[in-house]
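In: I'll drop the sequence and a predicted model, then ask my questions.
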Amino acid sequence: MEIQGETERDCWEPIFGVSLDRYAWLTYQLAKQGVAGPAAVESWVAQHDVAPERWTDVATGWSQRMSRFPEVRGRYDRVVRDFTG
C-alpha cells in the first residue's frame, strides 16, 4: 500500500473498508487475545468482517499513515488507550 502523494484529508479514508478506529480495535483485540502468526491472524480478522487477503495491506497502510501523519498516530493511540480503560 503506497501512501506517497496522499493528502492530509486522504489520510483518514478507510483502507479496504477498515477505518482507523476499526483498525485500532482490531489490533488491540489481536494483541489482547494473543493471536499470532499469519494464518491465525487471517482467520481471526475474517471472523471480524475483514478480507483476510487484505489484512497485510490494511496493516501496512495504517502503519505508513501513522508514520507520515502525526495526527493519525495520535488518534490511534487515544482510541487504543480508551479500550484499555
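Out: Arrived safely.
In: all contacts plus neighbour counts: C-alpha atoms, from now on.
Out: Noted.
In: starting at the chain centroid, how far to stretch 40-47?
Out: From the chain centre to the centre of stretch 40-47 is a distance of 14 Å (C-alpha atoms, centre = their mean, to the nearest Å).
In: Contacts for that stretch, please.
Out: The contact list for stretch 40-47 (C-alpha atoms under 8 Å, 6 or more residues apart in numbering) reads 26, 30, 35, 51, 52, 53, 55.
In: Go through the residues you listed and name the one nearest residue 11.
Out: residue 55 (17.7 Å; C-alpha to C-alpha).
In: confidence score at the most centrally placed residue in the chain?
Out: Centrality entry for the chain: nearest residue to the mean C-alpha point is residue 23, 3.2 Å, by C-alpha atoms, centre = their mean. The predicted structure scores residue 23 at 98 on the pLDDT scale.
In: so what's it up against?
Out: Each residue near residue 23 by C-alpha under 8 Å, 6+ apart is listed here: 59, 62.
In: could you say which helix or strand contains it?
Out: When elements are defined using DSSP states H and E, residue 23 is found to belong to helix 20-33.
In: right, and the helix or strand after that helix?
Out: Downstream of helix 20-33 (by DSSP H and E), the next one is helix 38-47.
In: ok, and the closest non-adjacent residue to residue 65?
Out: Leaving aside its sequence neighbours, residue 65 sits nearest to residue 11 (C-alpha to C-alpha, 6 or more residues apart in numbering; 6.4 Å).
In: Might one say that that neighbour is in contact with residue 70?
Out: No: with contact taken as C-alpha atoms under 8 Å, residue 11 and residue 70 are classed as non-touching, separated by 10.6 Å.
In: So for those two, which residue has more residues nearby?
Out: Set side by side, residue 11 and residue 70 give different neighbour counts by other C-alpha atoms under 10 Å, the larger being at residue 11 (20 against 11).
In: Quick check: the more buried one vs residue 75, distance?
Out: Spatial separation of residue 11 from residue 75 under the definition C-alpha to C-alpha, to the nearest Å is 12 Å.
In: Could you do residue 32 as well?
Out: In this structure, residue 32 lies at 19 Å from residue 75, with C-alpha to C-alpha as the measure.
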